[in-house]
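In: Any chance you can model this:
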Amino acid sequence: MSGQILKAQVLSKLEFTLSQKERTLQSNAWDTIAQRHVQILQQLHKLVEAGVSQDELRQILTQLRYLSQAPQPAVAAPVIKDV
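Out: Numbers count the residues shown, from 1 in each chain. Below you'll find the model as predicted:
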């Protein structure tokens, strides 16, 4: 069974990455990239739960590894000036 990707393995990595992105979003609610990542990861979680092929699991796991290691861009909150 060498090289087989398990659904549980992908879900675990997905949940870890989602948790990272949610923490990023909590610390900076204006981070639209993190907002989008959270939305995509939630959709991806549903998709993996429903069932995907081995090739798709492998691709998803590769992308999750990259995403969880990528540095978070610094996004400043917008400045609201008194009028």
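
In: now the helix ranked longest in the chain: mean pLDDT?
Out: Criterion DSSP state H: the longest helix present in the chain is helix 7-27. For helix 7-27, mean pLDDT is 93.

In: Repeat that for stretch 50-69.
Out: With pLDDT averaged residue by residue, stretch 50-69 scores 90.

In: For it, what is the distance to the chain centroid?
Out: 11 Å (CA atoms, centre = their mean, to the nearest Å).

In: ok, now stretch 44-53?
Out: 14 Å.

In: Same question for stretch 38-46.
Out: The answer for stretch 38-46 is 7 Å, by CA atoms, centre = their mean.

In: Now do that stretch, average pLDDT.
Out: On average, stretch 38-46 scores 94.

In: List the buried residues in that stretch.
Out: 38, 41, 44-45 (16 or more other CB atoms under 10 Å). The way it works is simple: take the backbone N, C-alpha and C, and place the C-beta from them, glycine included.

In: I'd like to know which of those are part of helices.
Out: Per DSSP H, the buried residues of stretch 38-46 map to helices at 38, 41, 44-45.

In: Quick check: of those residues, which lies closest to residue 58?
Out: For these, the minimum distance to residue 58 (CB to CB) is 13.9 Å, reached by residue 44.

In: shouldn't that closest one be in contact with residue 60?
Out: Yes - contact status for residue 44 versus residue 60: in contact at 6.6 Å, counting by CB atoms under 8 Å.

In: which neighbours do those two share?
Out: The contact sets of residue 44 and residue 60 overlap at residue 14 (CB atoms under 8 Å, 6 or more residues apart in numbering).
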